[in-house]
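Participant: sequence unavailable; structure follows:
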């Protein structure tokens, strides 16, 4: 059997449904509010098989109101929250009242992990913070999400400032270092932000990773711990532009392609049928790229990496390559690239078509990989993304999307606290759930 067919059997989605996730049996309370980072983190942990209980105030999380241009809602819940609520159980609880906080303490005794995004120190000040709950649950893992973290001068000064999707990108120098060159002129030579929630999603990934590390540590020590997460820290760790000041005094404003401060050619060009990303950085790779483009003479002009990486040379070389790219289609480039590899010639040139979101959904690659699944929620057909981590023995799964506010009150409160029927009715009348 060919390796591609053999390996595919490990990751069949239908077979995955019959296997347990890696975090099966782990109970997580997500008590975060209006926090995209924490919401994304708990979604990843829920995909891993953990029992994630999303605790909302009785009126629901503010994030439910967000949806693209306000055009897609299901049960008063927008598309982003609907998807990031996957695999979670949803209950309501009013932590602003003392009685609600007492119920939270009782739930926390059954939890392995708590995710929260309140103003740093608030939960501690009302007696339900990490310091208090670790006394009744020593193995508790606590992940705190905030704009500036739990300690330091800025953490104290800006404690009331909530985190936001653009906060980490702005404060980490990412936006400033992603300008185009000055000659691009206004309005192009401006600080640039990605068109998605990059910083908070990245913080969510780091947080989920931190929880898994803490769970592993607990298996060896029996002890829980606290995790401090900010989108700012997350962006600084992946934004190397902030370090270039050691060599240049100021970051290089060449973070937005088509030019790059570290490697070149490593950019996009216009072709006959759209745009293509192309890479040919090392000398053998550059030679492969320009030979495939029919521009071998450029190797004498730019014989090594150092000749190509200088900013003034990048500008000229980019235009010279642009004349060649404009004459070709993506199919032309792909054919030349594959023939080069089949002939075992030296060097590797890489081309990737720059696609639109619509083209992504139509591309057969994603279907073969099982990256998307069509799900019917009530009367709406939705295409949702499958988990990205593929584990053959303990696969991650998509079970369901976000539920209604408090939909699992009966199930969760009965399972963990033995409350049902009239008990829940009284809690609801008292404004506690």
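Facilitator: Happy to help now that I have it. Owing to the predicted nature of the structure, the values given are computational and were not obtained by experimental measurement. Numbering: from 1, shown residues only.
Participant: could you identify the helix or strand that succeeds the lowest-mean-pLDDT helix or strand in the chain?
Facilitator: Of all the helices and strands that make up the chain, the one with the lowest confidence by mean pLDDT, DSSP states H and E is helix 245-248; it has a mean of 59. Tracing the chain past helix 245-248, the next element assigned as helix or strand by DSSP states H and E is strand 266-271.
Participant: sheet partners, orientation included, of that next one?
Facilitator: Counting by DSSP bridges, the strands paired with strand 266-271 are strand 274-279 (antiparallel).
Participant: list the buried residues for the strand it pairs with?
Facilitator: Using 16 or more other C-beta atoms under 10 Å as the test for burial, strand 274-279 gives 276, 278-279. All C-beta atoms are positioned from the backbone trio N, CA, C, and that covers glycine.
Participant: can the residues you listed go into a markdown table with extra columns for pLDDT and distance to residue 433?
Facilitator: Written out in a markdown table, the entries for these read as follows (pLDDT from 0 to 100; distance: C-beta to C-beta, whole Å):
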| residue | pLDDT | distance to residue 433 |
| --- | --- | --- |
| 276 | 95 | 55 |
| 278 | 94 | 57 |
| 279 | 93 | 55 |
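Participant: for those, which one is nearest residue 261?
Facilitator: Checking the buried residues of strand 274-279 against residue 261 with C-beta to C-beta, the nearest one is residue 279 at 15.2 Å.
Participant: excluding its backbone neighbours, what's nearest the closest one?
Facilitator: residue 350 (4.5 Å; C-beta to C-beta, 6 or more residues apart in numbering).
Participant: residue 430 now?
Facilitator: residue 99 (6.8 Å).
Participant: show me what the one helix or strand the one you found maps to packs onto, helices and strands only.
Facilitator: Using DSSP H and E, residue 99 sits within helix 98-108. If contacts are counted by 3 or more C-beta pairs under 8 Å, 6 or more residues apart in numbering; DSSP states H and E, helix 98-108 sits against strand 51-56, helix 130-136, helix 409-417.
Participant: if we can go back for a sec, I'd assumed residue 431 was in contact with the residue nearest to residue 430.
Facilitator: No. If you go by C-beta atoms under 8 Å, residue 99 and residue 431 don't touch, sitting 9.3 Å apart.
Participant: just give me how far stretch 265-280 sits from the chain centre.
Facilitator: A distance of 26 Å separates the C-alpha centroid of stretch 265-280 from that of its chain, computed with C-alpha atoms, centre = their mean, to the nearest Å.
Participant: what's the answer for stretch 332-341, then?
Facilitator: Stretch 332-341 sits 33 Å away from the centroid of its parent chain (C-alpha atoms, centre = their mean).
Participant: stretch 42-58 too?
Facilitator: Distance of stretch 42-58 from its chain centroid, counting by C-alpha atoms, centre = their mean, is 16 Å.
Participant: buried set for it?
Facilitator: The neighbour-count criterion (16+ other C-beta under 10 Å) identifies 42-57 as the buried residues of stretch 42-58.
Participant: check stretch 335-352 too.
Facilitator: Across stretch 335-352, burial judged by 16+ other C-beta under 10 Å covers 336-337, 340, 347-349, 351.
Participant: likewise stretch 421-433?
Facilitator: Using 16+ other C-beta under 10 Å as the burial criterion, the residues of stretch 421-433 that qualify are 424, 427, 432-433.
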